[in-house]
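In: Quick check, what structure comes out for this input:
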Amino acid sequence: MKQINRICIVFIIILFSVPLAAQEKPYQLKPVGEEVYVAIVQFYQYDRQLPLDFRIVETVKTKEYIREKFVFRGVGNSRAVGYLTLPVSGQPPYPCVLQMHGLNVSKDDFWEFEYHHAELVTQELLKSGFALLGLDMPHHGERSYENDFEPAVAILFEKRLGYRFRDMIVQTVIEYRRALDYLATREEIDTERIGTLGYSIGSVVSFIITGVDDRIQTTVACVAPTMKPRPFLPEEKYISGIAAHTFTGAVDDRPFLMLNGEKDDFNCTVSEANQLFELIDSDKKDIIFFNSGHCLPEEHAQKAVQWFRDYL
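Out: Got it, this is the predicted structure:
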């Protein structure tokens, strides 16, 4: 299974590293107006009275952490699944970092092999006394049955089901918000110190949830792709609801770090990354470029962990 995931990731990296002729002219990010933004935010609201039906189904204990696997009621009739990991070091209540994976991988890839070297961030955050919470996005990981067990990448690149991709992002944000509701019931978690860590599409989710939920105190967004006209996405006027730059104005001076690859031209060019950074409404922000493509090098882990140490 790990080998299959690696092959899929290599496919994604190769695909996302091929510049297109249409991209030779720098794409200009177009933030929406206030009235449109208010309308977009409504799609990320949810019924907080709906029971979570939360259940812990497995507990793993090691010398470094206690990891609980859980399920709860997601959007519609779905069942969201994830991990809540408590560190052995430090004293509760712990600050908590939400981990958001990219396309065609899962929550497990923060643990099992080198997905963007994010497992290094996982290890160091636990050593530093941070709790972690990660979910499988719809159609991913243990929820692959939602896509009839086909790779999630097929939704976008093979079948070009852009609207299902859009719905997946909206659903993911809502389910993370419901997971935040659950964290408020756990005395081991300091809900005044919640951060997000996203990679690739998960990074877009981190932008969105920061914009729509003020419980997020700081964000680290790694290699966030630019939502712009592409053959596999809806028309440009319909993708603003899932575009990272739509939500930058709602950061409201919370600390925000962007980590990008200089050679990640398909996903996000240097020009687009800098535009996105400039739109973030915060004086406590930073952007760092690495000599890499879509997969960040090991040294990014230190930058990400230090950001959470400084701001959580």
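In: For the residue positioned nearest the centre of the chain, report the pLDDT, please.
Out: The residue lying closest to the centre of the chain (Cα atoms, centre = their mean) is residue 202, at 2.3 Å. Predicted confidence (pLDDT) for residue 202: 96.
In: So it sits against residue 100, correct?
Out: Yes. With contact taken as Cβ atoms under 8 Å, residue 202 and residue 100 are classed as touching, separated by 3.1 Å. Where C-beta positions appear, they are placed from N, C-alpha and C, glycine not excepted.
In: Can you give me the distance of residue 181 to residue 295?
Out: Shown here: residue 181 relative to residue 295, a distance of 33 Å by Cβ to Cβ, to the nearest Å.
In: what about these two, which has more around it?
Out: In terms of neighbours (other Cβ atoms under 10 Å), residue 295 is the more surrounded of residue 181 and residue 295; the figures are 23 against 16.
In: Report the secondary structure state of the more buried one.
Out: Assigned by DSSP: H, G, I helix; E, B strand; the rest coil, the conformation of residue 295 is coil.
In: Mind listing the shared neighbours of residue 202 and residue 100?
Out: Any residue near both residue 202 and residue 100 by Cβ atoms under 8 Å, 6 or more residues apart in numbering counts here, and that gives residue 137.
In: hmm, back to that, contact partners of the host helix or strand of the residue nearest to the centre of the chain?
Out: Following DSSP states H and E, one finds residue 202 within helix 201-212. By Cβ under 8 Å, 6+ apart, the residues outside helix 201-212 that reach it are 41, 44, 98-103, 137, 169, 172-173, 176-177, 196-198, 216, 219-225, 227, 242-244, 246-251, 254, 256.
In: can you rerun that using 7 Å?
Out: For helix 201-212, the external contacting residues (Cβ atoms under 7 Å, 6 or more residues apart in numbering) are 41, 44, 100-103, 169, 172-173, 176-177, 196, 198, 216, 219, 221-225, 242, 244, 247, 250-251, 254.
In: Also stretch 238-252?
Out: Contact partners of stretch 238-252, identified using Cβ under 7 Å, 6+ apart, comprise 29, 31-32, 37, 40, 43, 166, 169, 204, 207-208, 210-211, 224, 227, 233, 276, 279-282.
In: what is the mean pLDDT for it?
Out: Model confidence over stretch 238-252 averages 94 on the pLDDT scale.
In: Then stretch 74-83?
Out: Summarised as a single mean, pLDDT over stretch 74-83 is 93.
In: Go through it and flag the buried ones.
Out: Buried positions in stretch 74-83, judged by neighbour count with 16 or more other Cβ atoms under 10 Å: 74, 75, 80, 81, 82, 83.
In: before we move on, back to that, quick one, which of the contacts of stretch 238-252 are buried?
Out: Buried members of the contacts of stretch 238-252, scored by 16+ other Cβ under 10 Å, are 29, 31-32, 37, 40, 166, 169, 204, 207-208, 210-211, 224, 227, 233, 276, 279-280, 282.
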